[in-house]
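Undergrad: coordinates only, sequence not included:
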């Protein structure tokens, strides 16, 4: 299935092509690299030259922002009843992946449709907490937010405050995700919803190495051990080049479905509409198991 993040009002992908995308974040226009935009750029679209900031890649890795006009260090963007901090980072990111709104909505709808259940959510590789805030706002009894980066967890706390969720039960953990899951198993803790957005490569807070192709199956296996018998969902996102959504389908069908046969598996592409030419910009893949009521 192809999912389209088309419910935004404060974000728009104006155009994409030649390995770049042009976006409006609230009232700020950013031009950034995007490996999925492999088709030719529309050279007649003058909006490309009107960007407030342009990210330039370096041949040595990384890159830098060129600011065409003075921008605030950060600003906010709204998605429905959520508010997030946006700030251009040294690695081209802004602190938010707008395409993930399709998964925020999916999880929120599931949580809201089960108001009589006490739903505990575990968000792994949770970054700045878009999904954390969506699940908490939807009514989850508890959301546990785990990320190896102390800076990203602090950013997530800012998003919690911006979305008015200070009184909600959200736990923020700076930890290697697999180690945390294994520890939760020893504690006998279970979760009704587990989601993960693992990087292709990464390091834990103590230098733990992560490579998706080698580690993903083991992490999913550990997560299934703490997936509650009355679980509601299990979600995997991936941006790793060369990994098909069929891989996620096979993982969920062989690792989650046998222990939770009362559900179904759905996989596909996550996309953002490109308004200039009515195309869809591919933004990774998803795989999800959902309990069938």
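TA: Yep, it's here. From a predicted model like this one, the values you see are computed outputs, not experimental measurements.
Undergrad: which residue sits farthest out from the middle of this protein?
TA: Distance from the C-alpha centroid of the chain, by Cα atoms, centre = their mean, peaks at residue 44 (32.7 Å).
Undergrad: ok, now how distant is that one from residue 37?
TA: 17 Å (Cβ to Cβ, to the nearest Å). For glycine as for every other residue, the C-beta is placed from the backbone atoms N, C-alpha and C.
Undergrad: what does residue 242 give?
TA: 17 Å.
Undergrad: May I have the phi/psi pair for the residue farthest from the centre of the chain?
TA: phi -80, psi -10 (degrees, to the nearest 10).
Undergrad: Please renumber the chain so that the first residue is 12 from this point on.
TA: Let's use 12 as the start, then, which means that last one is residue 55.
Undergrad: Now do the same for it: its pLDDT.
TA: As predicted, residue 55 sits at a pLDDT of 92.
Undergrad: dump the residue contacts of it.
TA: Not one residue lies near residue 55 by Cβ atoms under 8 Å, 6 or more residues apart in numbering.
Undergrad: and it, how far is that from residue 45?
TA: 20 Å.
Undergrad: Kindly report the same for residue 302.
TA: 35 Å.
Undergrad: So between these two, which is more surrounded?
TA: residue 45 (21 against 17; other Cβ atoms under 10 Å).
Undergrad: And the strands in the stretch 112-261 of the chain?
TA: For the stretch 112-261 of the chain, the strands defined by DSSP state E, counting those that start in this stretch cover 131-135, 153-158, 181-185, 204-207, 212-214, 220-222, 244-249.
Undergrad: Outside of the fourth one itself, list whatever touches it.
TA: Read that as strand 204-207. 114, 118, 121-122, 130-136, 142, 146, 151, 188, 230, 234, 237-238, 242-248.
Undergrad: Does residue 301 touch residue 271 like I think?
TA: No: contact between residue 301 and residue 271 fails when scored by Cβ atoms under 8 Å: they sit 9.9 Å apart.
Undergrad: what pairs with residue 157 across the strands?
TA: As for beta bridges, residue 157 partners with residue 135, residue 184 under DSSP bridges.
Undergrad: Just confirm it contacts residue 186, I think it does.
TA: Yes: between residue 157 and residue 186 there is a contact under Cβ under 8 Å: 5.7 Å.
Undergrad: okay, these two: which has more neighbours?
TA: residue 157 (23 against 18).
Undergrad: now for the helix or strand where residue 96 lies, which elements pack on it?
TA: Residue 96 is part of strand 93-97 when elements are defined by DSSP states H and E. When contacts are defined as 3 or more Cβ pairs under 8 Å, 6 or more residues apart in numbering; DSSP states H and E, strand 93-97 sits against strand 86-90, helix 141-149, helix 161-173.
Undergrad: Relative to residue 64, which of these is closest?
TA: Closest of these to residue 64 is strand 86-90, at 12.1 Å (criterion: Cβ to Cβ).
Undergrad: buried sites along the closest one?
TA: By neighbour count with 16 or more other Cβ atoms under 10 Å, strand 86-90 contains the buried residues 88, 90.
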